[in-house]
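> Need coordinates for the following:
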Amino acid sequence: MKSIFLPLLMLSALVWNTGVSYAQTTVAAGKPVYGGTLMAGMPLDLRNLNAAIFNATRTGQLVSVNLFDGLLRHSTWGDGKLTPELAKSWKVSSDGLMYTFDLERGVKWHDGKPFTSADVKFGIQGICLPHHPVGHLNFSNIGSIDTPDDYTVVIKLKTFDAAFLGRLDPKWCAIAPKHLYDGTDIPNNKYNWAPVGTGPFKFKEWVRGSHMIFEKNENYWQKGPNGERLPFLDRLVFRVIPDETTLISSLESGSIDYIPPLDVVPSSEIPRLNKTKGIKTVTWPYANKDIFFLFYNMARPMTGNVDVRHALAYLVDTQDIITRVFSGSANASSSRDVGFITWFTGTSAPHYGYDLKRAGDLLDKAGYKKDKDGKRFQLNLTITTESPEFLQIANLLKTSYARAGVVLDIKVYDAAAATERVYKKLDYDLHIQTVAVGPDPYLLSKTWHSSNIGAGWITNASGYKNPKMDQMLEEGVRIIDVGTRKAAYAAIQNVLMKDLPMLPIASSLKVFVFNEQLGGFPIGYTYRETLAGVHWLNAIPKGR
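Residues are numbered from 1 along each chain as shown. I've put the predicted structure just below:
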């Protein structure tokens, strides 16, 4: 069987360059020691602990990744490559339709049962495809899965999918045990709340609204980069601390040791925390390109007018937002030289820099002239309570829009209400939300393909319908040649920035904040990494 390199595997390390090397960010002075407890704080409790059916990136994946493994995962180092996990190697046929995976031997579930190819087949077809929130998008292209022996899995696709291997990361399909799920009501299976996985830690206790305790998996199969036994820690404790101020003060007082990069530490706090004795902070660009977008509802009279959308884009002062909302800890997602998927295409795209006069001229052209009070029209701007930055950006836009005679009415909803109002009913004018457009740009289909209008959380809430775009997105994921695929997505980026169903604003830097006596945090590519390599330095502090 002839192997081929897929586009995702060939992305340059420069794409993910953070300006800080892995060694600089994760290796601290001191000798790693085994044992002890890590106390982590998180702002929300979870719905369940099985990431194969519960895809809550900000908390669920970060926690459950310590219990479950995937077939493979995106590289921690940010070089765009894929690294082996439960699949120690794989081959791809020359036509890109057949994938053969060679599995690790000797891996056991936390209950002692052996992990085999049957778990992979059932995990993908029986759990991830029907029950993961984007399972059908990721895996409906699978024609068949064969398991010729306990350690071989052969997956055949219906059509070529350049992003298929990336879909096997545990973010999209954490492998759960067939012997505990087969023949059960999977969404209500008791093991969703007391998981049995193959990961570095085993489930011990969950007190809702208070804490979760995971204990060391003494039989963990995976070794560290230098062959060291993993995990280092004896115990992980995740404490639920909903109040942002209390979460930070808990770290400062030493009652917790670590705040994961869940966008709960305000950018304005980073300079102060950097100067706080005993605490270390590290920031870096998020490789999944989690971008703050401004959605336009194209089904509404005003925001459905392309001149109005362009005018409103010229009223967004991105640098002011980066300075005042993110204290400089963010990168512009659209500028003269950078488009929101330039990280993949290497090309620029149409750009709307702040220009009050041009905005006014476009609004006049669209027929929305100022009245005697200097006002043109009113729009509602819907945001959620998920991130404090949403309201801060909304308030800056309210001020900026007012200069052009556009009145903004800011409406705040929780995620459940926003899902219903914005993403299902399209009952809004403008909306701010973060959307991941990487590490492979196939994710653009979820937000801009017309088949995903009204499909639920962070789908095509703009009501954007462009048959040409649908065709371009469908073809983009099927292109084998890397250069041709980059050119295809460059064209997609150009069309989207001209039609402007959504305006990319900025991508905030992710923040790790932790006790400086700790080392080994997986800082760099993504925050959905296991804590198996985290350790205390030199000695375990009292109380840990």
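> Could I have the CA atoms of the helix or strand containing residue 444 written out in CSV?
Assigned by DSSP states H and E, residue 444 belongs to helix 444-448. Provided in CSV are the C-alpha atoms of helix 444-448 (Å, rounded to 0.1, in the frame of the first residue of the first chain):
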residue,chain,number,x,y,z
LEU,A,444,-15.5,26.7,7.7
SER,A,445,-18.2,24.5,6.3
LYS,A,446,-19.9,24.4,9.7
THR,A,447,-20.4,28.2,9.8
TRP,A,448,-20.8,29.2,6.1
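> what's the average pLDDT for whichever helix or strand comes after it?
The helix or strand immediately downstream of helix 444-448 is helix 467-476, counting by DSSP H and E. Across helix 467-476, the average pLDDT comes to 95.
> could you say what helices and strands the helix or strand following helix 467-476 packs with?
Using DSSP H and E, the helix or strand that directly follows helix 467-476 along the chain is helix 482-499. If contacts are counted by 3 or more CB pairs under 8 Å, 6 or more residues apart in numbering; DSSP states H and E, helix 482-499 sits against helix 342-345, helix 444-448, helix 467-476. C-betas here are computed from N, CA, C, even on glycine.
> ok, back up a step: contacts made by the helix holding residue 444 with the rest, please.
Contacts to helix 444-448, defined as CB atoms under 8 Å, 6 or more residues apart in numbering, come from residues 134, 137, 341, 435, 437, 452, 458-460, 462, 464, 469, 473-474, 476-477, 489, 492, 496, 501-502.
> Let's see that with 10 Å instead.
With CB atoms under 10 Å, 6 or more residues apart in numbering as the test, helix 444-448 has contacts from 134, 137, 163, 293, 295, 340-341, 344, 433, 435-438, 451-452, 455-462, 464, 466, 469-470, 472-474, 476-477, 489, 492-493, 495-496, 499, 501-502.
> Drop the exposed ones from those residues and show what's left.
Among those, those that count as buried by neighbour count (16 or more other CB atoms under 10 Å) are 134, 137, 163, 293, 295, 340-341, 344, 433, 435-438, 452, 455, 457-462, 464, 466, 469-470, 472-473, 476-477, 489, 492-493, 495-496, 499, 501-502.
> I'd assumed residue 505 was in contact with residue 292.
Yes - the pair residue 292 / residue 505 is scored as a contact, 4.5 Å apart, by CB atoms under 10 Å.
> and residue 167, which of the three is it?
helix (DSSP: H, G, I helix; E, B strand; the rest coil).
> And residue 268, by the same measure?
Applying three-state DSSP: residue 268 is helix.
> Check residue 249 too.
Taking three-state DSSP, the label given to residue 249 is helix.
> pLDDT score assigned to it?
With respect to pLDDT, residue 249 scores 95.
> can you check residue 61 too?
pLDDT, residue 61: 72.
> for the one 4 residues further on, same thing?
Per-residue confidence (pLDDT) for residue 65: 89.
> thinking again about what came up before, report the set of residues contacting both of residue 292 and residue 505.
Joint contacts of residue 292 and residue 505 (CB under 10 Å, 6+ apart) are 318, 321, 325, 330, 333, 393, 432, 434.
> Return the residues in contact with residue 211.
39, 40, 41, 42, 45, 205, 237, 238, 239, 240, 241.
> can you rerun that using 8 Å?
By CB under 8 Å, 6+ apart, the neighbours of residue 211 are 205, 237, 238, 239, 240.
> Same list as before, the helices and strands packed on helix 482-499 that is, but in CSV and with distance to residue 222 included.
Listed next are those as CSV, based on distance: least, CB to CB, whole Å:
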stretch, distance to residue 222
helix 342-345, 29
helix 444-448, 31
helix 467-476, 34
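> where's the helix holding residue 444 relative to the chain centroid, distance-wise?
The chain centroid and the centroid of helix 444-448 are separated by 14 Å, computed with CA atoms, centre = their mean, to the nearest Å.
> and if you look at stretch 506-522?
With CA atoms, centre = their mean, you get 16 Å for stretch 506-522.
> can you start the count at 38 instead of 1 from here on
Sounds good: first residue 38 from here, last item stretch 543-559.
> pLDDT wise, what is residue 202 at?
91.
> same check, this time on the one 4 residues further on
Looking at residue 206, its pLDDT is 87.
> for the one 10 residues further on, same thing?
Predicted confidence (pLDDT) at residue 216: the value is 98.
> tell me the contacts of it?
The contact partners of residue 216, by CB under 8 Å, 6+ apart, come to 146, 150.
> Same question for residue 167.
Counting by CB under 8 Å, 6+ apart, residue 167 touches 173, 223.
> quick one: the helix or strand hosting it to chain centroid distance?
Residue 167 is part of helix 166-168 when elements are defined by DSSP H and E. Chain-centre distance of helix 166-168: 19 Å, with CA atoms, centre = their mean.
> Helix or strand next in line after it, which one?
helix 172-176.
> now for that following helix, which elements pack on it?
Using 3+ CB pairs under 8 Å, 6+ apart: helix 172-176 touches helix 166-168, helix 207-210.
> can you put those in TSV and add distance to residue 425?
Output for these, formatted as TSV (distance: least, CB to CB, whole Å):
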stretch	distance to residue 425
helix 166-168	32
helix 207-210	25
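> How much space separates residue 297 from residue 240?
According to CB to CB, to the nearest Å, residue 297 and residue 240 sit 18 Å apart.
> Over to residue 315?
Separation of residue 315 from residue 240 (CB to CB): 31 Å.
> Could you check which of the two has the larger neighbour count?
residue 240 (21 against 10; other CB atoms under 10 Å).
> so when I look at the more buried one, I'm seeing a strand, right?
Yes - applying three-state DSSP, one finds residue 240 inside a strand.
> which one of the helices and strands packed on helix 519-536 lies closest to residue 394?
helix 379-382 (27.4 Å; CB to CB).
> For the protein, give me the ranges with low pLDDT.
In the predicted model, the chain carries pLDDT under 70 at residues 38-66, 91-97, 112-117, 323-326, 560-565.
> Break it down into its domains, please.
Domain segmentation of the chain under automatic domain parsing yields 44-315+553-574, 327-545.
> In a markdown table: the ones you listed, plus distance to residue 321.
Formatted as a markdown table, these follow (distance: least, CB to CB, whole Å):
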| stretch | distance to residue 321 |
| --- | --- |
| domain 44-315+553-574 | 4 |
| domain 327-545 | 10 |
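> how about the helices and strands packed on helix 519-536, which one is nearest residue 101?
helix 481-485 (21.6 Å).
> Can you list the buried residues in stretch 272-288?
Under 16+ other CB under 10 Å, the buried positions of stretch 272-288 are 272, 273, 274, 275, 277, 278, 284, 285, 287, 288.
> where exactly do the helices run in the stretch 238-387 of the chain?
Applying DSSP state H, counting those that start in this stretch to the stretch 238-387 of the chain gives helices spanning 281-290, 307-311, 343-351, 355-361, 379-382.
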